[in-house]
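Asks: My questions concern the predicted model and sequence given below.
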Amino acid sequence: MGVITSLADAIAELVHDGDTVALEGFTHLIPVAAGHEIIRQGRRDLTLVRMTPDIVYDQLIGAGCARKLIFSWAGNPGVGSLHRFRDAVQHGWPTPLEIEEHSHAGMANRYVAGAAGLPFAVLRGYRGTDLVAQTPTIAPITCPFTGEVLTAVPALTPDVGIVHAQRADRAGNVQLWGITGVQKETVLASRRSLVTVEEIVDELEPRPGAVVLPSWTVTRIAEVPGGAHPSYAMGYSERDNDYYQAWDTISRDRAAFTAWLGEHVLGRSVEEAS
Amino acid sequence: MGVITSLADAIAELVHDGDTVALEGFTHLIPVAAGHEIIRQGRRDLTLVRMTPDIVYDQLIGAGCARKLIFSWAGNPGVGSLHRFRDAVQHGWPTPLEIEEHSHAGMANRYVAGAAGLPFAVLRGYRGTDLVAQTPTIAPITCPFTGEVLTAVPALTPDVGIVHAQRADRAGNVQLWGITGVQKETVLASRRSLVTVEEIVDELEPRPGAVVLPSWTVTRIAEVPGGAHPSYAMGYSERDNDYYQAWDTISRDRAAFTAWLGEHVLGRSVEEAS
Amino acid sequence: MTAQATPTPAGVADWSSDEMMTIEAARALRDGTRCFVGIGRPSTAANLARRTHAPNLVLIYESGTIGAKPGRLPLSIGDGVLAETADAVVSVPEIFNYWLQPGRIDVGFLGAAQLDRYGNINTTVIGDDYADPKVRLPGAGGAPEIAASCREVIVIVQHSRRAFVDRVDFVTSVGYGSGAGDRERLGLTGRGPVRVITDLGVLEPDPDTDELILTRVHPGVEPEQVRAATGWHLAFAPDLATTAPPTAEELAALRDLR
Amino acid sequence: MTAQATPTPAGVADWSSDEMMTIEAARALRDGTRCFVGIGRPSTAANLARRTHAPNLVLIYESGTIGAKPGRLPLSIGDGVLAETADAVVSVPEIFNYWLQPGRIDVGFLGAAQLDRYGNINTTVIGDDYADPKVRLPGAGGAPEIAASCREVIVIVQHSRRAFVDRVDFVTSVGYGSGAGDRERLGLTGRGPVRVITDLGVLEPDPDTDELILTRVHPGVEPEQVRAATGWHLAFAPDLATTAPPTAEELAALRDLR
């Protein structure tokens, strides 16, 4: 538990073809380097889970790693569409992509149920929307005390949960701060987990707003400075907003995307890429 | 919202005869001074809610403020029984006390449901215990996806939620740290809320592990230094373990308790008592 | 969102219709209001309001930042400046469960790809077939529950027949469903979309039917021009008014923000 | 809990039966184990284990402190020293929902007012009538879900016919219910009470029936003496053994802790 290893070894050990894999990080601390390593290792038929599939999922989908996407908002934030995602959904390129679509509140609660060892979560949500008819993992549930009808969603329990954090200590305890999203829930809900970190330190001094994941809750840790780029790691890096803008052009065209993938992901080791 | 006032005014304004009132604080930050002010103001027929009714609830019950107790563990922690609670349950002194009994996990989830605006919460709990037959607010619920049977408990939505915290700023934002228990949930689940604080400061500098309740979530704030005594406020005071020991003797005897109440609560203003 | 260089009608002062829309949206936020803010125009408008007439506006972003006071316009919903300046930063599950769901938020601020006469919003797919869409949009995000649970919803969207349709292709977020009474039947606790602010004017629900009607036009815009840009026969309010033009202070604050 | 001055049997070294019980309970905790600790004897035993053979024991208290490393014996379940030394401090709902409920905790450490032959625990009422009890006890606290969800449960209780009853007056926390198979039927995910440690010896569930049987006596204790202090006809394990006496190191560490 909390074993420190290389990113390549961690992905090889934890992520297998056909797995359900969640890479989380809400704008902040997105584990992009881990996603690139999954592409480099050529994983296939993955069910990818993520509230906000953005650039790294566009890349995974365009590289043909995914069979299915479970999500609540698929876009390039502040820029526009995810062209590889759209191409997969609308034209089945490079492979057809099955989708299971939720709202943020529903996805967040699905992780909560997974982290809590419950088969489902209850929320006020979805009622009156057309999502109910399209998504089988949305069901009505009646309060046994008041008779009120609410909505149930099933737990998410990914085979592998991957997040990026600022730091870990040598014992494998992880610390992250700033916008912490659903990272704790993702790690706790997943059967296996990987945390990439900006740095490994001797001691995690307490910080305001920090979430700590004890070593025994994490399977593998890899030190990957800049591993969240083009998203950011508060205290370590700034968001690369130009990259998000540039992605719109690169991703619009299959050939441009394929060239980019060859040059920037497949043709590089993790050390070169970060 | 987050209006700063005196403890006496806050209790007079917020707590009415017949109300459901929750004073929370898990060993740490117990709002004892607020409980004493409720006794002084002679409130009656209260439904008192608390996971761990301890000395301050023994005092409220012995003083005749309560008609009903909703709880999960009623004892003098590390010492033994609550004698005023037992006298009320077993002999109806000074008035009969109805009880609604849960487990900690159930109570915590009832507050969560209240804070989340849901009518109920779901947990793995109570199954096989005799609590199910005695407590009507425990019901089975079936997962609509797996068919598994779990347990539902209804939301707690007290009329008044009262907690103690280390600090508030002049705008009425509240900050507490250390063991924070169910305090956030209590304030968010309650229709009205009171936070007593060790001190009011110009600025709440961020602290590791701190919970912040924005001003607009709190109805009234009162500065009551030492207001958690004999429990403690991390960074301000130590737990008075001798008081817990001494309470065993005082509370065993109705006359000794009544004398204590007259001398230490009824005969003192809040300023003298703290 | 960058300001558009749309030419303004002759005789009207030097501002764009996009600026008018954003300023009008900012004005809709009363001081002290708790506002759940989406990125893009809603965030620009909310931050403008905080710098002009509503310094105590409480900005809440779905990234978990409560009471953010950014000194510059945040570039994403999870911009570091939001966490650094917030009263509290909570997890994403908590922001939805403890803060949005119980109805603690006064105003939800949404955009839309399509919006219909009952204020229902589509951000999922264009086209009749969900499985084979004409255009795949980003999807729901936080919008369905913002639309359901905020006490009021304000929508900002550019006016066009493509966006303003008789019936949305997909109901991502419920406005008034198929009309008055539907929200109650669905158990939606908030009031629904009380105002739709566009680059041409302002639509509000008819008090009886909850159908969106034109209550205001922006300076220099003709009511018929708005009707022409709307995919249903847009009704005009009997007391149809004209929006006050942007003040110099509002324009300066908005341009400074961008 | 303070050490009792119970006289030890003649010929046995200078320790009390209470010390033997606590030391034996500490020994039951393997190093690296995640242990959900109640206050009183369980906390003393767990802290003793951490200072002797199990320095990497992970102490988890229901107050929300995970990985507490107190330098002195905590005086309450919410002692400040637990928060100050913990790897993480979480809310009380979180400790139950994210940490206990999913089965992340190896060992739950409980006490009992009454315990029956199937390891069911009563901490609620003594007497047949819940509404009119002979003795009102504190109630459930965290115990029902600790008993349900920890991978294993260890119970520490002083041996007497009053405590060890054929059937508890009230099932606060389920052991093996009415026997083998009941936990599965109830959907309880943990294994149940694998060991009951008393001041006289150690009881463990019979592998076939899950009835508690005597597997060890402490030094100087006769098996019949344990049976006489038990409210049902206590069976003896075929390989009934004797507990190793406390070592000088164990005793010194325990006394130093108190």
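Replies: Sure thing, it's come through.

Asks: what's the neighbour count on the residue of the stretch 51-200 of chain A found nearest chain D?
Replies: Nearest residue of the stretch 51-200 of chain A to chain D (C-beta to the nearest C-beta) works out as residue A:117 at 2.9 Å. No exception for glycine: its C-beta is placed from N, CA and C like everyone else's. By other C-beta atoms under 10 Å in any protein chain shown, 22 other residues sit near residue A:117.

Asks: you'd agree it is up against residue B:125?
Replies: No. Residue A:117 is beyond contact range of residue B:125, at 11.5 Å (criterion: C-beta atoms under 8 Å).

Asks: Now for those two: what residues contact both?
Replies: residue D:101 (C-beta atoms under 8 Å, 6 or more residues apart in numbering or on different chains).

Asks: returning to what we had before: which residues are in contact with the residue of the stretch 51-200 of chain A closest to chain D?
Replies: By C-beta under 8 Å, 6+ apart, the contact list for residue A:117 reads B:124, D:101-103, D:149, D:189.

Asks: Name the nearest residue to residue A:146, sequence neighbours excluded.
Replies: residue B:119 (4.6 Å; C-beta to C-beta, 6 or more residues apart in numbering or on different chains).

Asks: wait, isn't the one you found in contact with residue B:154?
Replies: Yes. The pair residue B:119 / residue B:154 is scored as a contact, 6.4 Å apart, by C-beta under 8 Å.

Asks: Now for these two: what residues contact both?
Replies: A:143, A:145-146, B:113.

Asks: how far does the host helix or strand of residue A:59 sit from the chain's center?
Replies: Element membership for residue A:59, per DSSP states H and E: helix A:55-62. Mean-position distance between helix A:55-62 and its chain equals 11 Å (C-alpha atoms, centre = their mean, to the nearest Å).

Asks: same check, this time on stretch A:46-59
Replies: With C-alpha atoms, centre = their mean, you get 6 Å for stretch A:46-59.

Asks: Now stretch A:57-72: buried residues?
Replies: In terms of neighbour count (16 or more other C-beta atoms under 10 Å in any protein chain shown), stretch A:57-72 has its buried residues at A:57-72.

Asks: among those, which two are most distant?
Replies: Spatial extent of the buried residues of stretch A:57-72 (C-beta to C-beta) is set by the pair A:64 and A:72 at 23.1 Å.

Asks: Could you find the closest non-adjacent residue to the residue in the stretch 1-150 of chain C that chain B sits nearest to?
Replies: The nearest approach of the stretch 1-150 of chain C to chain B comes at residue C:102, 2.9 Å away (C-beta to the nearest C-beta). Using C-beta to C-beta, 6+ apart and skipping residues adjacent in sequence, the residue nearest residue C:102 is residue B:117, 2.9 Å away.

Asks: Phi first, then psi, for the one you found.
Replies: Recorded main-chain torsions at residue B:117 are phi 70, psi 30, according to degrees, to the nearest 10.

Asks: At which residues are the strands of chain A located?
Replies: A:3-5, A:20-23, A:46-50, A:66-71, A:98-101, A:120-123, A:139-142, A:149-154, A:160-169, A:174-176, A:192-201, A:211-213, A:220-223 (DSSP state E).

Asks: neighbours around the closest residue in space to residue A:191 that isn't next to it in sequence, how many?
Replies: The shortest distance from residue A:191 to any non-neighbouring residue, by C-beta to C-beta, 6+ apart, is to residue A:159 (5.4 Å). Neighbours of residue A:159 under the rule other C-beta under 10 Å: 18.

Asks: How about the contacts made by residue A:159?
Replies: A:16, A:19-21, A:190-192 are the contacts of residue A:159 under C-beta under 8 Å, 6+ apart.

Asks: And those, which two are furthest apart?
Replies: Farthest apart among the contacts of residue A:159 - using C-beta to C-beta - are A:16 and A:190, which lie 13.7 Å from each other.

Asks: The residue nearest the centre of chain C in helix, strand or coil?
Replies: Note on chain C: the residue nearest the mean C-alpha position is residue C:155, at 2.4 Å, using C-alpha atoms, centre = their mean. For residue C:155, the secondary-structure state derived from DSSP: H, G, I helix; E, B strand; the rest coil is strand.

Asks: now the helices for the chain?
Replies: You didn't pick a chain, so chain A it is. A:7-14, A:32-40, A:55-62, A:83-91, A:104-115, A:131-134, A:183-189, A:241-252, A:254-261, A:270-273 (DSSP state H).

Asks: not what I meant, chain C
Replies: Counting by DSSP H, the helices of chain C are C:17-27, C:41-51, C:80-85, C:92-94, C:143-149, C:182-186, C:223-228, C:248-257.

Asks: Let me have those in a markdown table, adding mean pLDDT as columns.
Replies: Below are those laid out as a markdown table (pLDDT from 0 to 100):
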| stretch | mean pLDDT |
| --- | --- |
| helix C:17-27 | 97 |
| helix C:41-51 | 93 |
| helix C:80-85 | 92 |
| helix C:92-94 | 98 |
| helix C:143-149 | 96 |
| helix C:182-186 | 95 |
| helix C:223-228 | 98 |
| helix C:248-257 | 94 |
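
Asks: now these as JSON lines including distance to residue D:23 and mean neighbour count?
Replies: Listed next are those as JSON lines, based on distance: least, C-beta to C-beta, whole Å; neighbours: other C-beta atoms under 10 Å in any protein chain shown:
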{"stretch": "helix C:17-27", "distance to residue D:23": "70", "mean neighbour count": "24"}
{"stretch": "helix C:41-51", "distance to residue D:23": "62", "mean neighbour count": "24"}
{"stretch": "helix C:80-85", "distance to residue D:23": "49", "mean neighbour count": "20"}
{"stretch": "helix C:92-94", "distance to residue D:23": "43", "mean neighbour count": "24"}
{"stretch": "helix C:143-149", "distance to residue D:23": "55", "mean neighbour count": "29"}
{"stretch": "helix C:182-186", "distance to residue D:23": "62", "mean neighbour count": "15"}
{"stretch": "helix C:223-228", "distance to residue D:23": "84", "mean neighbour count": "16"}
{"stretch": "helix C:248-257", "distance to residue D:23": "68", "mean neighbour count": "16"}
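
Asks: Could I get the ones you listed in JSON lines, plus columns for distance to residue C:72?
Replies: Shown next, in JSON lines, are those (distance: least, C-beta to C-beta, whole Å):
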{"stretch": "helix C:17-27", "distance to residue C:72": "16"}
{"stretch": "helix C:41-51", "distance to residue C:72": "9"}
{"stretch": "helix C:80-85", "distance to residue C:72": "6"}
{"stretch": "helix C:92-94", "distance to residue C:72": "23"}
{"stretch": "helix C:143-149", "distance to residue C:72": "24"}
{"stretch": "helix C:182-186", "distance to residue C:72": "37"}
{"stretch": "helix C:223-228", "distance to residue C:72": "34"}
{"stretch": "helix C:248-257", "distance to residue C:72": "8"}
